[in-house]
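Asks: Kindly return the folded structure for what I paste below:
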Amino acid sequence: MRWFRVTRGTSANHASGSSAPSGSSAPSGSSTPIGPARDPTRLVAFSDAVIAIAVTLLILEIRPPEDTRHLLRGLVDLWPSYLVYVTTFLLIGQMWANHHVMLDHLHSADRLVILLNTLLLMVIAFLPFASSVLTRAFESGHGQRVALVFYGAAYLAAAVLFNVIWEYARYGGRLLTDTTDDIAARAISRRFRPAPLWIAAGIALGAVHPIVGLAVVGAFVPFYWLPIGGEAASLRRARERGRGDSRP
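Replies: Next up is the predicted model:
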């Protein structure tokens, strides 16, 4: 409830500021962030550290075969570990790349962005456990459907948080950099929005056929590694404006 009260309070301040003179600190058409806005540098550094630890923990779940007399067969039997490891590593790597895309366009982070980003990191740190559950289910042949739904639900939560953070930050341009125009902001939104539906489809299929569900969840990795067209064009326009302003 506190967040709603703060939001209403900032909205009221914005409304009163819209009638203030041009020299006012709350110009018309701007949005007031929740709490003091801070440089996102430390937020990026902390996020990178958490994500790096999460991907490192993935390899610890792969145990070497105990029977070295039949080592080749033992290594082949570990195929569920390899499959889940590769899929999860690439998914977390894709999250890391898009997390940088998102934060690179923020000139500051307020208290709500920090909270939402902390929740996102909590989910990412949970992914090694979810991948371990899925690996054990594939190895044992039992509980595969439940494990895939559990695994997919963790990614679904992360995808939803990505969208919430970005849409909140871009609302009214409240936290975006001066070089991030509306075209770039909408292009990033278009890239983030399909993820929850895509993952939900993978979860639904995984409840029937786990391998198919995992393939659908992992299939959006190549799509999300592609450059964001509108964002690239925005950066080019910003560089051209910068060169124009530097000319005598």
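Asks: Now for Thr118, how many residues are close by?
Replies: Using other C-beta atoms under 10 Å, Thr118 has 14 neighbouring residues. Backbone N, C-alpha and C define where each C-beta goes, glycine included.
Asks: What residues of the host helix or strand of it count as buried?
Replies: Using DSSP states H and E, Thr118 sits in helix 111-140. Buried residues in helix 111-140, defined by neighbour count with 16 or more other C-beta atoms under 10 Å: 112-114, 116-117, 120-121, 123-124, 127-128, 130-138.
Asks: Same question for stretch 211-231.
Replies: Buried-residue list, stretch 211-231, by 16+ other C-beta under 10 Å: 213-214, 216-218, 220-221, 224, 228, 230-231.
Asks: if we can go back for a sec, for whichever helix or strand comes after the helix holding Thr118, packing partners?
Replies: The helix or strand immediately downstream of helix 111-140 is helix 144-170, counting by DSSP H and E. On a contact count with 3 or more C-beta pairs under 8 Å, 6 or more residues apart in numbering; DSSP states H and E, helix 144-170 meets helix 79-104, helix 111-140, helix 182-192, helix 194-206, helix 210-225.
Asks: now the ones you listed in TSV, with mean pLDDT and distance to Arg170?
Replies: Shown next, in TSV, are the helices and strands packed on helix 144-170 (pLDDT from 0 to 100; distance: least, C-beta to C-beta, whole Å):
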stretch	mean pLDDT	distance to Arg170
helix 79-104	93	10
helix 111-140	95	11
helix 182-192	89	5
helix 194-206	94	16
helix 210-225	88	18
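Asks: Quick check: of the buried residues of stretch 211-231, which lies closest to Gly35?
Replies: Lowest distance from Gly35 to these (C-beta to C-beta) belongs to Glu231, with 27.3 Å.
Asks: contacting residues around the residue sitting nearest the centre point of the chain?
Replies: For the chain, the residue nearest the mean C-alpha position is Phe162 (4.3 Å; C-alpha atoms, centre = their mean). Phe162 sits next to 95, 98-99, 102, 120, 192, 195 when contact means C-beta atoms under 8 Å, 6 or more residues apart in numbering.
Asks: between these, which is closest to Gly35?
Replies: Leu120 (18.1 Å).
Asks: Nearest residue to the closest one in space, please, no chain neighbours.
Replies: Once flanking residues are discounted, Leu120 sits nearest to Leu161: 4.3 Å by C-beta to C-beta, 6 or more residues apart in numbering.
Asks: what sits against that neighbour?
Replies: Leu161 neighbours (C-beta under 8 Å, 6+ apart): 116, 119-120, 123.
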